[in-house]
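Chemist: just a sequence and a predicted model for now, questions to come.
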Amino acid sequence: ESAEQPLDQAKVSAPGADDITKAHVAVDREPAGGQPGAASDKDADAKPADANSKPAEANAKPEQAPARTAPEPRAPVDSAPLSSDAIIMLAREAAESFTAGLPNFLVQQATTRYHGNSRSSDWQRIDVVTADVVCVDGKEDYRNVAVDGRPTQRPIESTGSWSTGEFVTTLQDVLSPVEGAVFVQRGEERIGARMAYVFDLSVDARNSHWILGGNGTRTYQAPYKGSIWIDKATRRVLRIDQKAQSIPRDFPYDRLQSILNYGFVKIGDKSYLLPVQNESIACRGVSGSCERNVIEFRNYRQFTAQSDIKFDKFTASF
């Protein structure tokens, strides 16, 4: 009851030597059989020896209060784990905001192409194809194509094994409700310094936007399975793994896989999560020969208003 009353500072005085023997003076001690600082039942039932001990008792309780530290509040995401559907929904929203907030940019793309055997990991380098990729309003265009440093006027897809759509198309398609992907959460994994949710996914052929090409003319709308890694902190996609399914027997390839990795890059004075590497492998069942492309994206920079580009004529000036 004394502790509940307002504290009158004028009545508070330091204890004197003769107060040490009085009951209910706060002292540090460890009661027998108890914890340090714990009060015994005898102390709890005792009454103050005189009126002078009341201020000391009232003052003792506020001094003990700081020792009672409450646990730090946990972040909402930790106290209420997200469901699989909620994670995918947040990833879709993050992808949409990513596309809407992405500036027009240029990036150098270097594709190292290899040839090998499906039963061996010994890859032989064929060549390196470089190109400047222009991304304007979500459209990707390839300029200044060169093979081993020699410029070529041929369309980039006619230079050999190739892939496109790494910047916007793949991300939008995999997460789009139109694609109809079925997601099953597998767990969590660390990618570099970041923790990610991992989902296995599958897409039917009728909904797939993954178009495979063979011999320059044949195309196949491939159903696929794979996995997707979603950053726990930002809900943005860190990796997409796709494996084509049910490939026709007369198609040039019988196994195709693509792995796209994202990383934080700087464009202007802001950081964006954009593709940094893509690896694709295509194998032929009869011969067992495989083609492997390793793509690296370097030197992201903003596409300025002084630049001019025309997609319809495949020309650009910078």
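Modeler: Here it is on my side, so go on.

Chemist: how deep is residue 302 tucked in, by neighbour count?
Modeler: 14 (other CB atoms under 10 Å). Bear in mind the C-beta positions are built from the backbone N, C-alpha and C, glycine included.

Chemist: quick check: it touching residue 102?
Modeler: No: at 10.7 Å, residue 302 and residue 102 do not qualify as touching, with contact defined as CB atoms under 8 Å.

Chemist: could you pull out the helices for the stretch 101-250 of the chain?
Modeler: For the stretch 101-250 of the chain, applying DSSP state H, counting those that start in this stretch gives helices covering 169-175.

Chemist: so where is it shaky, pLDDT-wise?
Modeler: Applying pLDDT under 70 to the stretch 101-250 of the chain flags residues 118-120, 155-168, 214-217.

Chemist: go again using 90 as the cut-off
Modeler: Across the stretch 101-250 of the chain, the ranges flagged by pLDDT under 90 are 101-105, 117-122, 131, 133-145, 152-180, 192-193, 205-222, 247-250.

Chemist: could you pull out the strands in it for me?
Modeler: 105-117, 124-136, 139-147, 150-151, 182-191, 194-203, 211-214, 218-221, 224-231, 237-244 (DSSP state E, counting those that start in this stretch).

Chemist: which one, of these, ends up nearest to residue 286?
Modeler: Of all those, strand 105-117 sits nearest to residue 286, with 12.6 Å by CB to CB.

Chemist: in that closest one, what's buried?
Modeler: 105, 106, 107, 109, 111, 112, 113, 114, 116 (16 or more other CB atoms under 10 Å).

Chemist: how about the contacts made by the second one?
Modeler: Residues in contact with residue 106 (CB atoms under 8 Å, 6 or more residues apart in numbering) are 132, 133, 134, 135, 300, 301, 302, 303, 318.

Chemist: could you report the neighbour count for the spatially closest residue to residue 146 that is not a sequence neighbour?
Modeler: Nearest non-adjacent residue to residue 146, counting by CB to CB, 6 or more residues apart in numbering: residue 130, 5.0 Å away. The tally of other residues near residue 130 (other CB under 10 Å) stands at 17.

Chemist: before we move on, what about residue 273?
Modeler: Close neighbours of residue 273, defined as other CB under 10 Å, add up to 19.

Chemist: can you check residue 279 too?
Modeler: 17.

Chemist: and for the one 3 residues further on?
Modeler: Per other CB under 10 Å, the neighbour tally for residue 282 reads 22.

Chemist: show me the contact partners of the host helix or strand of it.
Modeler: For residue 282, the element it lies in under DSSP states H and E is strand 270-283. By CB under 8 Å, 6+ apart, the surrounding residues in contact with strand 270-283 are 98, 102, 107, 118, 161, 163, 166-167, 231, 234, 236-238, 253-266, 289-297, 300.

Chemist: which other helices and strands contact the strand or helix carrying residue 86?
Modeler: Assigned by DSSP H and E, residue 86 belongs to helix 84-101. Helix 84-101 is packed against helix 169-175, strand 182-191, strand 194-203, strand 224-231, strand 237-244, with contacts defined by 3 or more CB pairs under 8 Å, 6 or more residues apart in numbering; DSSP states H and E.

Chemist: PyMOL command for the buried members of the contacts of strand 270-283?
Modeler: In PyMOL, a selection of the buried entries from the contacts of strand 270-283 looks like this (16+ other CB under 10 Å):
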select buried, resi 98+102+107+161+163+166+167+231+236+237+238+253+254+256+257+258+259+260+261+262+263+265+290+291+292+293+294+295+297+300
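
Chemist: for residue 90, which of the helices and strands packed on helix 84-101 is the nearest?
Modeler: The closest of the helices and strands packed on helix 84-101 to residue 90 is strand 224-231. By CB to CB, the value is 8.2 Å.

Chemist: touching stretch 227-241 from outside, list them.
Modeler: With CB under 8 Å, 6+ apart as the test, stretch 227-241 has contacts from 77, 87-88, 90-91, 93-95, 98, 170-171, 174-175, 183, 186, 188-189, 191, 194-201, 226, 257-262, 273.

Chemist: ok so, going back, next SSE downstream of the strand holding residue 282?
Modeler: Moving toward the C-terminus from strand 270-283, the next helix or strand (DSSP H and E) is strand 289-302.

Chemist: okay, now the sheet partners of that next one, with direction.
Modeler: strand 105-117 (antiparallel), strand 270-283 (antiparallel) (DSSP bridges).

Chemist: and stretch 226-244, end to end?
Modeler: Distance between the two ends of stretch 226-244: 9 Å, counting by CA to CA, to the nearest Å.

Chemist: which positions in it come out as buried?
Modeler: In stretch 226-244, counting by 16+ other CB under 10 Å, buried: 226-231, 235-244.

Chemist: out of the residues you listed, what pair is the most spread apart?
Modeler: 235 and 244 (27.3 Å).

Chemist: tell me the contacts of residue 254?
Modeler: 247, 283, 284, 285.

Chemist: an error on my part: the question was meant for residue 301.
Modeler: 105, 106, 107, 267.

Chemist: and residue 88, by the same measure?
Modeler: 175, 183, 199, 230.
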